[in-house]
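>>> below: sequence and its predicted model.
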Amino acid sequence: MRWEDVRDGALHILYGKTENARRTIPMTQRVAAQLDMCQIGATSEWVFPAPTATGTSRSPR
């Protein structure tokens, strides 16, 4: 999940295996506040980055 997917008090899932995978999930005020605090010190485009150089968990092919 990227920071750009967190907006307007919701998580916006734009991609998935099917069209039905797209959705908007509302956040509680508590979750929104926690993510706001995490975003202040964020150095990655990812909300939960992996401990790799690219920040993703996929291995190069």
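Noted; the coordinates are in hand.
>>> which parts of the protein are strands?
6-7, 10-13, 23-26 (DSSP state E).
>>> dump the ones you listed to JSON lines, plus mean pLDDT.
Listed next are the strands of the chain as JSON lines, based on pLDDT from 0 to 100:
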{"stretch": "strand 6-7", "mean pLDDT": "92"}
{"stretch": "strand 10-13", "mean pLDDT": "92"}
{"stretch": "strand 23-26", "mean pLDDT": "94"}
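>>> do a quick rundown of the helices in this protein.
For the chain, the helices defined by DSSP state H occupy 29-40.
>>> pull the CA atoms of stretch 43-56 into PDB?
C-alpha atoms of stretch 43-56 as PDB (Å, rounded to 0.1, in the frame of the first residue of the first chain):
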ATOM      1  CA  THR A  43      11.000   8.200   3.800                       C
ATOM      2  CA  SER A  44       9.400   5.700   1.500                       C
ATOM      3  CA  GLU A  45       6.400   5.700  -0.900                       C
ATOM      4  CA  TRP A  46       5.200   2.600   0.900                       C
ATOM      5  CA  VAL A  47       3.100   2.700   4.100                       C
ATOM      6  CA  PHE A  48       4.700  -0.500   5.400                       C
ATOM      7  CA  PRO A  49       8.100  -0.800   3.500                       C
ATOM      8  CA  ALA A  50      10.000  -4.000   3.300                       C
ATOM      9  CA  PRO A  51      13.600  -3.900   4.700                       C
ATOM     10  CA  THR A  52      15.100  -4.000   1.100                       C
ATOM     11  CA  ALA A  53      16.800  -1.400  -1.000                       C
ATOM     12  CA  THR A  54      13.600  -1.000  -3.100                       C
ATOM     13  CA  GLY A  55      11.100  -1.200  -0.300                       C
ATOM     14  CA  THR A  56       9.300  -4.100  -1.900                       C
END
